[in-house]
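1. Just to be clear, the model below is a prediction. Sequence and coordinates:
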Amino acid sequence: MTDLPHKTIASKHGVRGFELEPGLLNDCSDILRFLRTRRSVMSMEIVPPGPDEATLASIMEAACRVPDHGKLTPWRFILMRGEECGRFAEFLRWRWRQLKEDGVEVLERPVVVTEQAPLVVTVISRVVEHPKIPEWEQRLSAGAACQNLLLAAQAAGFAAHWRTGWPAYDPEVLRHLGVEDGERVAAFIHIGTRKADAPMLTDRRRPFWRDLTTSYGELAAHNKADDGAGDGA
Ligand SMILES: Cc1cc2nc3c(=O)[nH]c(=O)nc-3n(C[C@H](O)[C@H](O)[C@H](O)COP(=O)(O)O)c2cc1C
């Protein structure tokens, strides 16, 4: 059910899947091809260099060009570059130790990957009071900003990974980042270059879109059958 070379994977949670051939991934030859083959690089494999100023500006501009009902701009960003990533990682390490001492189970991975990243963009979802635009739609728009940022970084030839993990939910980290009441960390997007010695990038299982899609016609038939069942009652 995809015309791209792939292997089918056994179903999981009742959803069948496939993986594209590794050589096809992140093919930037045209936009649709890229969207169909894009693949994140895990942050453990992301190291310097990151984008230069001009490329970063283009990526950030793309992040802001997203659907946004009511033009509310319900998101903002915090940029960490080079040694700023190191300083944030130092804070995370301090907090990680504190949580561990308090008996809270937290992974060290966010610390390590932040330390080695050349660029981390924190995307913050913020909700603007509005009589017609619900919070839900504003959170979705922030998700779209995250995805555009990720896509733009990948399209510019960089390795990128959308992360959250415990730092996105820890009150001390949020305070450190100046995240205010009602705001949420939607993403820490790590951007850089894939380690030269990383194993070949392989795909991750993807669902077949048809398995997740119902045509309106089928729905109408289903409703009719239900109505029919009700007739005899
Ligand atoms: C909101 C959100 C939070 C995520 N947080 C993490 C995370 O903390 N760590 C992680 O390894 N992957 C995380 N992921 C998953 C990766 O970003 C990525 O989607 C996944 O590894 C699959 O790669 P793909 O982008 O090639 O589909 C998160 C994804 C989303 C949407």
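-> Now that the structure is in, tell me what you want to look at. The model shown is predicted, which means the values in this text are computed figures rather than measured ones.

2. Only C-alpha atoms from now on, for both contacts and neighbour counts.
-> Noted.

3. which SS class is the most centrally placed residue in the chain?
-> Taking Cα atoms, centre = their mean, the centroid of the chain lies closest to Trp162, which sits 3.8 Å from it. Three-state call for Trp162 (DSSP: H, G, I helix; E, B strand; the rest coil): strand.

4. Over to Phe188?
-> strand.

5. Spatially nearest residue to it, not counting backbone neighbours?
-> Thr122 (4.4 Å; Cα to Cα, 6 or more residues apart in numbering).

6. I'd like the mean pLDDT over the helix or strand harbouring the one you found, please.
-> Assigned by DSSP states H and E, Thr122 belongs to strand 119-125. When pLDDT is averaged over strand 119-125, the result is 98.

7. partner strands of it, parallel or antiparallel?
-> strand 75-81 (antiparallel), strand 184-194 (antiparallel) (DSSP bridges).

8. Give me the contacts around the first one.
-> Right, strand 75-81. 118-127, 141-142, 145 (Cα atoms under 8 Å, 6 or more residues apart in numbering).

9. cool, and stretch 211-226?
-> By Cα under 8 Å, 6+ apart, stretch 211-226 touches 15-16.

10. that older thread, for the residue nearest to Phe188, the count of nearby residues, please.
-> Thr122: 23 surrounding residues under other Cα atoms under 10 Å.

11. And the one 4 residues further on, by the same measure?
-> Other residues within reach of Arg126 by the criterion other Cα under 10 Å amount to 23.

12. ok, it touching Gly182?
-> Yes: using Cα atoms under 8 Å, Arg126 makes contact with Gly182 at a distance of 6.5 Å.

13. for the protein, which spans come out with low pLDDT?
-> The model of the chain has pLDDT under 70 over residues 228-233.

14. Can you pull the residues of it lying near the ligand?
-> By Cα under 6 Å from any ligand atom, the residues of the chain that approach the ligand are 39-40, 161-165.

15. I'd like the strands paired with strand 119-125 written out as a markdown table, with mean neighbour count added.
-> Compiled in a markdown table, the strands paired with strand 119-125 are given as follows (neighbours: other Cα atoms under 10 Å):
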| stretch | mean neighbour count |
| --- | --- |
| strand 75-81 | 17 |
| strand 184-194 | 24 |
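
16. can you pull the contacts of Val128?
-> 72, 74, 135, 138.

17. does Ser29 count as helix, strand or coil?
-> Classified using three-state DSSP, Ser29 is coil.

18. From Arg36, how far out is it?
-> As judged by Cα to Cα, to the nearest Å, Ser29 and Arg36 stand 11 Å apart.

19. Between the two, which is the more surrounded one?
-> For Ser29 versus Arg36, neighbours defined as other Cα under 10 Å are more numerous around Arg36 (16 against 9).

20. Name the nearest of the contacts of Val128 relative to the ligand.
-> Nearest to the ligand among the contacts of Val128: Gln138, at 14.8 Å, using Cα to the nearest ligand atom.
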